[in-house]
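Q: sequence below, structure please.
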Amino acid sequence: MLHPDKIRFMQRLQQAAVHQHVFYTAGRTDLPGFDRLTKRFADAYGTELSRQTKHKRRLAGEASSCLHGVRLTTRSDNGQLSVDWVLLVSPGFGLVTHREQLQDLRDPRSRLMSPDERHELVHDGKTWSWRLTHRIYNQYLDRIHRIASSSTDRRRQIEINGVSRDADAEILLDRLYSEPGFRLVRRQVGKLVAELRRDWKRLRPASGPQLSERAFLAYVRFLPDQPVTNGLTRAERREAFLSVFPEQIASTTISDSY
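A: Okay, here's the model as predicted:
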């Protein structure tokens, strides 16, 4: 299935891993290429079979497969929107295990990354979840220490709701609290914010601007599927249709084949 946004894509990959699809291969193509890939994998590996059928095959020792893609904002050389895709496979025998060069999600050397390569899918002994990569986590730490220890002449003050704040620290907090709230990401953000507050208390004067209080990073809520067909979701096709025919009332039904 092709998804319209990164969070849905990441949720489906996480769900697949939870259901024992721990082997994968991945790549990047364009919209027509993903359509061809979908048909080829469905014919060869049964990626479009029902959940019940896949479950029965796994019980019989066969590998089951699922394909997920995400529509990107970048375009390929031919002007088509790019698509990142991941084929996930469960343990077992089958054509897919012979044809594809599969990597193991459980291997730290071949962890599955998010499309922007900021997050990695890991099992922490409890279950599968996404977390910030070591590179991104350390970048945040470096930025925290750099901002907290910046010299007086490099500090920028802004006013938020009548209260003086440090501009760079507030931008950093905005970025931290905009991270997707997967369980392990939430834990990391909590540690990073605590580190920022410790550095602030240690390096900044109590008489100067203090850090704003923030609500906790909310969990990512479950997002239902919004399949992308011909580059657009159903809601996007409806919006495009009504922009061309504004006289149509909001309740107009538009088929998926439009």
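Q: which stretches of the stretch 151-258 of the chain have low pLDDT?
A: 246-258 (pLDDT under 70).
Q: report the buried residues of the lengthiest helix in the chain.
A: Longest among the helix segments of the chain by residue count, using DSSP state H, is helix 183-203. Across helix 183-203, burial judged by 16 or more other CB atoms under 10 Å covers 183, 184, 185, 186, 188, 189, 192, 193, 196, 199, 200. Placement of C-beta: from N, CA and C, glycine included.
Q: between these, which is closest to residue 5?
A: Closest approach between these and residue 5, by CB to CB: residue 185, at 16.4 Å.
Q: spit out the contact partners of the closest one.
A: Shown in contact with residue 185 (CB atoms under 8 Å, 6 or more residues apart in numbering): 119, 129, 130, 131, 132, 179, 217.
Q: do residue 34 as well
A: 2, 69, 83, 85.
Q: touching, the last one and residue 68? I think so.
A: In this case it means residue 85. Yes: contact between residue 85 and residue 68 holds when scored by CB atoms under 8 Å: they sit 6.9 Å apart.
Q: the two: who's more crowded?
A: residue 68 (23 against 20; other CB atoms under 10 Å).
Q: so the more buried one touches residue 10, yeah?
A: No: using CB under 8 Å, residue 68 is not in contact with residue 10; the gap is 9.5 Å.
Q: residue 224 in helix, strand or coil?
A: coil (DSSP: H, G, I helix; E, B strand; the rest coil).
Q: and residue 71, that's in a strand?
A: Yes: checked against three-state DSSP, residue 71 lies within a strand.
Q: can you pull out the strands in the stretch 101-250 of the chain?
A: 103-104, 119-123, 128-132, 157-160, 163-166 (DSSP state E, counting those that start in this stretch).
Q: most neighbours per residue, which of the ones you listed?
A: Mean neighbour count (mean count of other CB atoms under 10 Å) peaks for strand 128-132 among the strands of the stretch 101-250 of the chain, with a mean of 22.
Q: and for residue 73, nearest residue in space, chain neighbours not counted?
A: In space, and not counting its chain neighbours, residue 73 is closest to residue 81: 7.6 Å by CB to CB, 6 or more residues apart in numbering.
Q: give the burial count for that neighbour, as a bare number.
A: 15.
Q: what of the one 10 residues further on?
A: Residue 91 has 14 neighbouring residues, counting by other CB under 10 Å.
Q: just residue 112 next, same as before
A: 23.
Q: which residue, other than its chain neighbours, is closest to it?
A: residue 121 (4.5 Å).
Q: quickly list what that neighbour is bridged to.
A: residue 130 (DSSP bridges).
Q: what is the nearest of the buried residues of helix 183-203 to residue 206?
A: Using CB to CB, the buried residues of helix 183-203 come closest to residue 206 at residue 200, 10.0 Å.
Q: about what we covered before: identify, from the contacts of residue 34, the entry nearest to residue 21.
A: Relative to residue 21, the closest of the contacts of residue 34 is residue 85; by CB to CB it sits at 14.1 Å.
Q: assumed the closest one was part of a strand.
A: Yes: according to three-state DSSP, residue 85 belongs to a strand.
Q: and it, what does it touch?
A: Counting by CB under 8 Å, 6+ apart, the residues that residue 85 touches are 26, 27, 28, 29, 34, 37, 67, 68, 69, 70.
Q: which of those residues count as buried?
A: Using 16+ other CB under 10 Å as the burial test, the contacts of residue 85 include 29, 34, 37, 67, 68, 69, 70 as buried.
Q: for this structure, which segments are assigned as helices?
A: 6-18, 31-45, 51-59, 95-99, 134-148, 167-176, 183-203, 234-244.
Q: that older thread, let me have the buried ones among the contacts of residue 85 in a markdown table, extended by distance to residue 204 and pLDDT.
A: Listed next are the buried ones among the contacts of residue 85 as a markdown table, based on distance: CB to CB, whole Å; pLDDT from 0 to 100:
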| residue | distance to residue 204 | pLDDT |
| --- | --- | --- |
| 29 | 49 | 96 |
| 34 | 50 | 97 |
| 37 | 53 | 97 |
| 67 | 50 | 98 |
| 68 | 45 | 98 |
| 69 | 46 | 98 |
| 70 | 41 | 97 |
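Q: I'm done for today, thanks for sticking with me.
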